[in-house]
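Enquirer: sequence? don't have it. structure:
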């Protein structure tokens, strides 16, 4: 068994938490796990990319190369598009339907691409994927920062490797006490968003 997962987003979206939950899940399945994070000015809304490699065999590098990822989780449109090159065209993507303008967009020096153009490019490269209204669901639950756990719930729905009850327990176990109940609720909501 081997699975390579990339999570792409921007600072503050909870990539690291999601990466931790997925890594712990794989370790609980007695798989070898290596991971790495690339963080670019994350506290200022910069890109954050998490690489999670899990296997019942030897893993030689924590970094996932072009075309190797089995699963790409994008917390934002452009960040998913930016990292599509890492996804195997026969893999699967899970995309949060959220736009976060870059600094250049905010300064009117660059234009954010149209959603239809982004989706067209993504689907041309990899037709197997899902767009999830995770941020909208998290906002409806009272805290947009729960987007990451909503995405984890959606992941469990579409990726058979991940078991609902065990992932839910890991979300709870890794959440600070004051956010535990809300994060579990967010995870449960995410599971209902995809058919």
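Expert: Thanks, I have the structure now. For clarity, every value in this text was computed on a predicted model and none was experimentally measured.
Enquirer: Would you enumerate the residues in contact with residue 19?
Expert: By CB atoms under 8 Å, 6 or more residues apart in numbering, residue 19 lies in contact with 7, 35, 37, 50, 52. In this view, the C-beta of every residue, glycine as well, is placed from N, C-alpha and C.
Enquirer: Grab the nearest non-local neighbour of it.
Expert: Nearest residue to residue 19, sequence neighbours excluded (CB to CB, 6 or more residues apart in numbering): residue 50, at 3.8 Å.
Enquirer: same check, this time on residue 17
Expert: Nearest non-adjacent residue to residue 17, counting by CB to CB, 6+ apart: residue 148, 5.5 Å away.
Enquirer: Quickly find the element holding the one you found.
Expert: When elements are defined using DSSP states H and E, residue 148 is found to belong to helix 147-158.
Enquirer: For that helix, what does the pLDDT average out to?
Expert: The average of the pLDDT scores along helix 147-158 is 98.
Enquirer: Equivalent analysis for stretch 164-175, please.
Expert: Average pLDDT, stretch 164-175: 98.
Enquirer: Any chance you could list what contacts that stretch?
Expert: Residues lying outside stretch 164-175 but in contact with it, judged by CB under 8 Å, 6+ apart, are 17, 20-21, 24-25, 28, 149, 152-153, 155-156, 180, 183-184, 187-188, 191.
Enquirer: thinking again about what came up before, tell me how many other residues surround the residue nearest to residue 19.
Expert: Residue 50 is surrounded by 24 other residues when neighbours are defined as other CB atoms under 10 Å.
Enquirer: same check, this time on residue 39
Expert: When neighbours are counted by other CB under 10 Å, residue 39 registers 14.
Enquirer: ok, now which ones touch it?
Expert: Contacts of residue 39 were listed using CB under 8 Å, 6+ apart, and they are 11, 46, 47, 48.
Enquirer: Who is it paired with across the strands?
Expert: Note on residue 39: beta-bridge partners by DSSP bridges are residue 48.
Enquirer: Distance check, it against residue 19.
Expert: The span separating residue 39 from residue 19 equals 11 Å under the rule CB to CB, to the nearest Å.
Enquirer: do the same with residue 10
Expert: Residue 10 sits 14 Å away from residue 19, going by CB to CB.
Enquirer: wait, isn't residue 51 in contact with residue 64?
Expert: Yes. Because the distance of 4.7 Å satisfies CB atoms under 8 Å, residue 51 is recorded as touching residue 64.
Enquirer: if we can go back for a sec, what is the host helix or strand of the residue nearest to residue 19 packed up against?
Expert: When elements are defined using DSSP H and E, residue 50 is found to belong to strand 47-55. Packing contacts for strand 47-55, counted by 3 or more CB pairs under 8 Å, 6 or more residues apart in numbering; DSSP states H and E, involve strand 2-10, helix 15-28, strand 32-39.
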